[in-house]
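Undergrad: Mind folding the following:
(4 chains)
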Protein chains: 2
Amino acid sequence: MAVKNDEANIGVVSSSKTYHNPTEATLDRIGGKWKTAILCMLAEQGALRNGEMMRMLSPITQKMLTQQLKEMEADGLILRTVYPEVPPKVVYELTESGRSLRKVLDPLCDWGKQFMKI
Amino acid sequence: MAVKNDEANIGVVSSSKTYHNPTEATLDRIGGKWKTAILCMLAEQGALRNGEMMRMLSPITQKMLTQQLKEMEADGLILRTVYPEVPPKVVYELTESGRSLRKVLDPLCDWGKQFMKI
DNA sequence: CTGAATCCTGAATGATACTG
DNA sequence: CAGTATCATTCAGGATTCAG
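TA: As a prediction, the model looks like this:
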């Protein structure tokens, strides 16, 4: 997913893989275990804090939430804003590119509804 | 992906997970490393044989191709037809459900084009 | 409150050899 | 031609602990 920090590739936003078709490039960016859930939440709620997302995505771990958010930030899908307060306040929201994913997430969501048992 | 053959779940087409949202149900079915590539090929070509797909997806291994096809067949996305000939002839094509994935694959493909370098 | 740093396990994928 | 069967490897994901 996203970036592999080997020596020759530090800080590079997008790895230089070769895909069989463009769908694989998309899945590389939204295929993480929690990414579509996070993206859908942010699309609905607008902007959220770490703690809020932790609760909504339970039982996600802090490590996974942070990791998935970081990767998506590096991929330009999410904007992370730190407010210099005490205690710390950090807010996450979709970027323009992240919002453009709606065209992808909506069909993904529609098709999957036939299997939902919630 | 697809089925987990533990004792209580043999032969069940769809595992009984609980998802945070329907997108995860979709990704469970098309998220394998080669699945979208296979599905797109079949959507374009109509029907293909094992050897044809092996060549088009190179460097996929025989094991992975068979495995991904089996899972998608179990999920009702692909139809496998064996012609009783010598040498053997087996043809794969999309089912109705598989064809309905076009609504998902097309947006997935469109969005990913911005990252293609081929 | 937000998040970094380690360590660890299992699933997913791959290499290779064999078969009706 | 179209697979199976094993073994090896890699890597995403998870548990736990520490920090500003």
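
Undergrad: Tell me what angle the helix or strand that contains A:W111 forms with helix B:102-112.
TA: With secondary structure defined by DSSP states H and E, A:W111 is part of helix A:102-112. Interaxial angle of helix A:102-112 relative to helix B:102-112 (axes from the mean of the first three to the mean of the last three CA atoms, to 10 degrees): 160 degrees.

Undergrad: Give me the contact list for helix A:102-112.
TA: With contact meaning CB atoms under 8 Å, 6 or more residues apart in numbering or on different chains, helix A:102-112 is reached by A:26, A:30, A:36, A:39-40, A:43, B:19, B:21-27, B:100-101, B:103-104, B:106-108, B:110-111. (Glycine included, C-beta is placed from N, CA and C.)

Undergrad: which parts of it are buried?
TA: A:R102, A:V104, A:L105, A:D106, A:P107, A:L108, A:C109, A:W111, A:G112 (16 or more other CB atoms under 10 Å in any protein chain shown).

Undergrad: Now do the second one against A:L39, distance only.
TA: What it means is A:V104. Distance of A:V104 to A:L39, computed by CB to CB, to the nearest Å: 9 Å.

Undergrad: I'd guessed A:K17 sits against A:R29; true?
TA: No - with contact defined as CB atoms under 8 Å, A:K17 does not reach A:R29; the gap is 11.7 Å.

Undergrad: which neighbours do A:V104 and A:L39 share?
TA: A:I30.

Undergrad: Isn't A:K113 up against B:P22?
TA: Yes - if you go by CB under 8 Å, A:K113 and B:P22 touch, sitting 4.6 Å apart.

Undergrad: how distant is the helix holding A:W111 from the center of its chain?
TA: 15 Å (CA atoms, centre = their mean, to the nearest Å).

Undergrad: Which neighbouring elements make contact with the longest helix along chain A?
TA: If you go by DSSP state H, chain A has its longest helix at helix A:62-74. Under the contact criterion of 3 or more CB pairs under 8 Å, 6 or more residues apart in numbering or on different chains; DSSP states H and E, helix A:62-74 touches helix A:35-45, helix A:50-56, strand A:78-83.

Undergrad: Mean neighbour count, those: which tops it?
TA: Of the helices and strands packed on helix A:62-74, the one with the most neighbours on average (mean count of other CB atoms under 10 Å in any protein chain shown) is helix A:35-45, at a mean of 20.

Undergrad: now it: mean pLDDT?
TA: Across helix A:35-45, pLDDT averages out at 98.

Undergrad: separation between the closest residue to DNA strand C within chain A and chain B?
TA: Closest residue of chain A to DNA strand C, CB to the nearest atom of the strand: A:G51 (2.9 Å). A:G51 sits 17 Å away from chain B, going by CB to the nearest CB, to the nearest Å.
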